[in-house]
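**Q** Here is a sequence together with a model predicted from it:
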Amino acid sequence: MTSAALASLLPVGPITRVTGRALVLRGDDIDTDRIIPARFLKCVTFDGLGQQVFADDRIELQGAHPFDRPEHQGARLLLVNRNFGCGSSREHAPQALMRWGIRAVVGESFAEIFYGNCLALGIPCLTASHELMLAIQAAAGADPAAELALEVTTASLSSSQAATGWELELAPGPRQMLSTGLWDGTGQLVANAPALAATAARLPYMTNFAG
Amino acid sequence: MSAGTLYDKVWDLHRVAELPGGSTQLFIGLHLIHEVTTPQAFAGLRDLGLTVRHPERTVATVDHIVPTTSQERPFADPLAEAMLETLERNCADHGITLHGLGSGRQGIVHVIAPELGLTQPGMTVACGDSHTSTHGAFGAIAFGIGTSQVRDVLASQSLAMTKLKVRRLWVDGQLQRGVYAKDLVLHVIRRLGVKAGVGYAYEFAGPAIDALSMEERMTLCNMAIEGGARCGYVNPDATTFAYLEGRPSAPAGAAWERAVAWWQSLASGPEAVFDDQVDFDAATIPPTITWGITPGQGIGVDEAVPSLEQTEPDERPIAEEAYRYMDLAPGTPIAGLAVDVCFIGSCTNGRLSDLQAAAAVAKGRQVAAGITAFVVPGSEQVAAAAEAEGLDVIFREAGFQWREPGCSMCLAMNPDRLEGRQISASSSNRNFKGRQGSASGRTLLMSPAMVAAAAVTGHVADVRLLLDA
């Protein structure tokens, strides 16, 4: 698929549900240097990053990495553990995941900047307790062909292969931003021009303390 | 819930509006930009038909991709050259000041903003770089952001944010000779772990913090993010004001008096309420080094690589991964571990006092055979100040290379990098797998003085013994 065709499929508007196969990536503290090594940051667009996601880990595992395995091609949900996306603030990390095809991440916890970057791209990050996450990963890992459905509005996950669903966590703010389409909020920030001017006016450093 | 802390006061002052999604629109007082995380932000701005709202509140430099051996243009690496050209064009198009190569003011973004007096107490500071937490040393609320958020700040001088909780890290006592702010922060992260700060701002306070210089406070706040805390800060005090007075962007004259009064009013008062507090004793902290693949995997220079039994159950899988990657068996003493490359520099430890501490160790000694050792000043101003007092000569005579300013081998986006399985002794901030440019390269984080000690001995060594020799 050309990058233009892929870009046309990137998240847009209200995001209420994400469906598709899931990819399990186990381990705590997976940092953004691993998600996208620094040498790939030498770019002026994000277009080519999809192929480079986890580049060094994939080279090391010679085709055995989850992102290389044939059964995971086209997966849309990523299932991770604790402190996923720690380290560098590089938005190239969620961009690389998104351009590979990931549209939602479920994990035990996320590093804060990574979480905010995902939200700004319309990629929901939901959390689950340690035990629940292991159960979800076990179920998804046992049947990579299973279709999962993530409901953003109710923060729940279900599988075509399991009778019961899983209740996840998503803070009310991000939940509302995603489900209403307000995650892409630049326009909203710019529209508050009078309030921005009022805030600037009460900050003495804006006039270098001219008094 | 915290109340009356510097974080609370600065947050309230910068609150623009409550947003429908439940987040807060926060005004950003200072926006720092560099070549790596901004090209797509400017492109996004153009796509939306927007302009830069406060070009005078945005300041640019170039740091990540610059070579440190020759900074002649065009760069040998066409991708690096294209990134700098893009930044130059974007700054020119939008009226943003760029402190470029050779300007006398170029350097690592977190080094130059303080030295120019741009970073001030009570500001909100944002930059597309996680080590923006550095600026918290001044009592600013400073944090890293992604590229979409850079676009938002360019367009609106504000961000949609969620308020953090505030944890006070109270540090009693005084650091011992040969123990530096870097050891303190590595010790804090060792104790609390790399995840404990998620959802928190870290306030560093107590007698040991009061005694730190501004450069030491910057080292400390710089690595708050490695403990998971998106921002860390120190309350402004006489040390802060003395550092700022007379700097190019600092207020002067009657404005200076008004500024100091305002800055003092923002410090956490005795009535401040914190969400949490953790206590430390500075006097018991040894020179600290990481042995593994996260900044939390630190040990004292006299200790050995911990066994699984000595490791919290939750941390055992990553410890096992670290044993394999680092090729270090549990029980191996860290002192005596041979290194290949010694790197002094970065936004954590590339300031004048860092170079002075390293030079004190290097002076009259020689880099051990087979070791590559190099010093990368954090900025053109740091380089000039160091050269004025002859530090470059000390380093060169000892066998170190004296380079030009930039981020260099902290993240290896320029030609400076590890090869293969090389081990570095590094004054930088991250020991992640592959961080220093080789997918199998290994990093030991430590203070600049400890890096110098490793360089002259050829292995991890206790700098206290060299200082006393």
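**A** Nice, thanks for sending it over. Residues are numbered from 1 along each chain as shown, chains lettered A, B, ... in the order given.
**Q** Looking at chain A, what residue ends up closest to chain B?
**A** Per CB to the nearest CB, A:G173 is where chain A lies closest to chain B, at 3.1 Å. (Each C-beta comes from the backbone N, C-alpha and C, glycine too.)
**Q** For chain A, just list every one of the helices.
**A** A:3-7, A:32-35, A:55-61, A:92-100, A:112-121, A:130-142, A:172-180, A:186-191, A:193-201 (DSSP state H).
**Q** if we compare those helices, which one ends up closest to B:I293?
**A** Comparison of these against B:I293 by CB to CB identifies helix A:32-35 as nearest, at 9.7 Å.
**Q** Rebuild the helices of chain A as a markdown table, extending it with mean neighbour count and distance to B:G95.
**A** Below are the helices of chain A laid out as a markdown table (neighbours: other CB atoms under 10 Å in any protein chain shown; distance: least, CB to CB, whole Å):
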| stretch | mean neighbour count | distance to B:G95 |
| --- | --- | --- |
| helix A:3-7 | 12 | 30 |
| helix A:32-35 | 25 | 32 |
| helix A:55-61 | 17 | 37 |
| helix A:92-100 | 26 | 27 |
| helix A:112-121 | 26 | 25 |
| helix A:130-142 | 16 | 48 |
| helix A:172-180 | 20 | 32 |
| helix A:186-191 | 17 | 18 |
| helix A:193-201 | 15 | 17 |
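**Q** worst average pLDDT in these?
**A** Lowest mean pLDDT within the helices of chain A: helix A:3-7, at a mean of 51.
**Q** before we move on, back to that, what's the closest non-adjacent residue to the residue of chain A closest to chain B?
**A** Of all residues not flanking A:G173 in the chain, B:G22 sits nearest, at 3.1 Å (CB to CB, 6 or more residues apart in numbering or on different chains).
**Q** For B:K165, which of the helices of chain A is the nearest?
**A** Closest among the helices of chain A, using CB to CB: helix A:112-121, at 11.8 Å.
**Q** just to revisit the earlier point, does the residue of chain A closest to chain B touch B:T24 like I think?
**A** No. Using CB atoms under 8 Å as the test, A:G173 is too far from B:T24 to be in contact (9.6 Å).
**Q** Could I get the full set of strands for the stretch 51-200 of chain B?
**A** With strands called from DSSP state E, counting those that start in this stretch, the stretch 51-200 of chain B shows them at B:58-61, B:97-99, B:124-127, B:141-144, B:158-161, B:165-172, B:200-205.
**Q** One more: the stretch 201-350 of chain B?
**A** Assigned strands in the stretch 201-350 of chain B, in chain order: B:231-234, B:276-281, B:288-290, B:298-300, B:341-344 (criterion: DSSP E, counting those that start in this stretch).
**Q** Output the contacting helices and strands for the second one.
**A** When you say that, I think you mean strand B:276-281. strand B:165-172, helix B:181-192 (3 or more CB pairs under 8 Å, 6 or more residues apart in numbering or on different chains; DSSP states H and E).
**Q** and the angle for that strand with strand B:200-205?
**A** Calculated by axes from the mean of the first three to the mean of the last three CA atoms, to 10 degrees, strand B:276-281 forms an angle of 40 degrees with strand B:200-205.
**Q** What are the neighbouring residues in contact with the closest residue in space to B:G350 that isn't next to it in sequence?
**A** Of all residues not flanking B:G350 in the chain, B:G378 sits nearest, at 2.9 Å (CB to CB, 6+ apart). By CB atoms under 8 Å, 6 or more residues apart in numbering or on different chains, the contact list for B:G378 reads B:G107, B:I108, B:V111, B:G345, B:S346, B:C347, B:G350, B:R351, B:D354, B:P405.
**Q** Please list all residues in contact with the fourth one.
**A** Spelled out, that is B:G345. B:F374, B:V375, B:V376, B:P377, B:G378, B:R403, B:C407, B:S408, B:M409, B:C410, B:S427, B:S428.
**Q** switch the cut-off to 10 Å
**A** B:G345 sits next to B:68, B:108, B:111, B:351, B:354-355, B:358, B:374-378, B:382, B:403, B:405-410, B:416, B:426-428, B:448, B:451 when contact means CB atoms under 10 Å, 6 or more residues apart in numbering or on different chains.
**Q** Pull up the gap between it and B:G378, please.
**A** Note on B:G345: its distance to B:G378, by CB to CB, to the nearest Å, is 7 Å.
**Q** go on, the third one?
**A** From B:V111 across to B:G378, the span is 4 Å (CB to CB).
**Q** what touches both of these two?
**A** The contact sets of B:V111 and B:G378 overlap at B:D63, B:E215, B:M218, B:G345, B:S346, B:C347, B:G350, B:R351, B:L352, B:P405, B:C407 (CB under 10 Å, 6+ apart).
**Q** How far away from the center of its chain is the lengthiest helix in chain B?
**A** Longest helix of chain B, by residue count under DSSP H: helix B:78-94. Its chain's C-alpha centre and that of helix B:78-94 lie 24 Å apart, by CA atoms, centre = their mean, to the nearest Å.
**Q** Please name every helix or strand in contact with it.
**A** When contacts are defined as 3 or more CB pairs under 10 Å, 6 or more residues apart in numbering or on different chains; DSSP states H and E, helix B:78-94 packs onto strand B:30-33, helix B:39-47, strand B:58-61, strand B:97-99.
**Q** Quick one: closest of the ones you listed to chain A.
**A** For these, the distance to chain A is smallest for helix B:39-47, at 3.9 Å, taking CB to the nearest CB.
**Q** which parts of that closest one are buried?
**A** B:P39, B:Q40, B:A41, B:F42, B:A43, B:G44, B:L45 (16 or more other CB atoms under 10 Å in any protein chain shown).
**Q** so who does the fifth one touch?
**A** Remark: with contacts taken as CB under 10 Å, 6+ apart, B:A43 is in contact with A:V44, A:T45, A:F46, B:T86, B:N90, B:T147, B:R151.
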